[in-house]
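S.K.: Just to be clear, the model below is a prediction. Sequence and coordinates:
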Amino acid sequence: FGAAKDGEPPTREEVLDLTSVVSSITARDMLGDAPPPCDDYIQYTDVYDGPHYTICLFQVPKGARLPMHNHPGMHVVSKVLSGELSVDAYDAKDESNAGSPPPDAPAFEVSVAREDDAWTSEGGAHYTGPREGNIHEFRAVTDCCVLDVLAPPYDFSGGRRCTYYEVERRGDGSHWASAVRCPPDYETKGVAYAG
């Protein structure tokens, strides 16, 4: 993600290179011999958090979800290290809706990028771009551990913050996203990286 450091988006080659590298990472590489711990809550671990990118782990218990959210202006490569996720993802049809709208902003139309897509530890890494599948939800089919590489990282003071959404399928078959407040049932616990 070298070009992202200078405010320019990464090239297709850089995205493919990073996706290839992340695809080769295993749970053992990140967690050692210990199985990924899973309690009744989602665990978040910063592996690396710098000015140009973030590497993090989510340990998600079976039945839990990372609610519909976005990564505005960000490039993300995700890899399921253990377990299985079901993923729904949407693209904003209008680029002006790809940012961080306030919860009272009007709904906007999205197109389906993935629906009930199964991501497993046997699969490779998955790319999410600023507009490609950027509004998405992860549901844990089994206890699972997910590695994310995000560039650039979130910047809450600079306006690059996560927004949560509800997506509604309308009678005409179209899908519309509405910004909402963080769901009250979504809670994560920070855990120090021990790798």
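M.R.: Yep, that arrived.
S.K.: on contacts alone, who are the packing partners of the longest helix anywhere in the chain?
M.R.: In the chain, assigned by DSSP state H, the helix with the most residues is helix 12-23. Applying 3 or more CB pairs under 8 Å, 6 or more residues apart in numbering; DSSP states H and E, we find helix 12-23 packed against strand 75-82, strand 126-128, strand 144-151. In short, each C-beta sits where N, CA and C put it, glycine included.
S.K.: And the shortest one, what does it pack against?
M.R.: Right, strand 126-128. helix 12-23, strand 75-82.
S.K.: What segments of this protein are strands?
M.R.: Using DSSP state E, the strands found in the chain span residues 42-49, 54-60, 65-69, 75-82, 84-92, 108-120, 126-128, 135-140, 144-151, 164-169, 175-180, 188-190.
S.K.: Can you tell me which of the ones you listed is nearest to Ser100?
M.R.: Comparing the strands of the chain against Ser100 with CB to CB, the closest turns out to be strand 175-180 (8.3 Å).
S.K.: can you pull the contacts of Arg169?
M.R.: His175 (CB atoms under 8 Å, 6 or more residues apart in numbering).
S.K.: Numbering from 43 from now on, please.
M.R.: Understood, numbering begins at 43; the last thing we discussed is Arg211.
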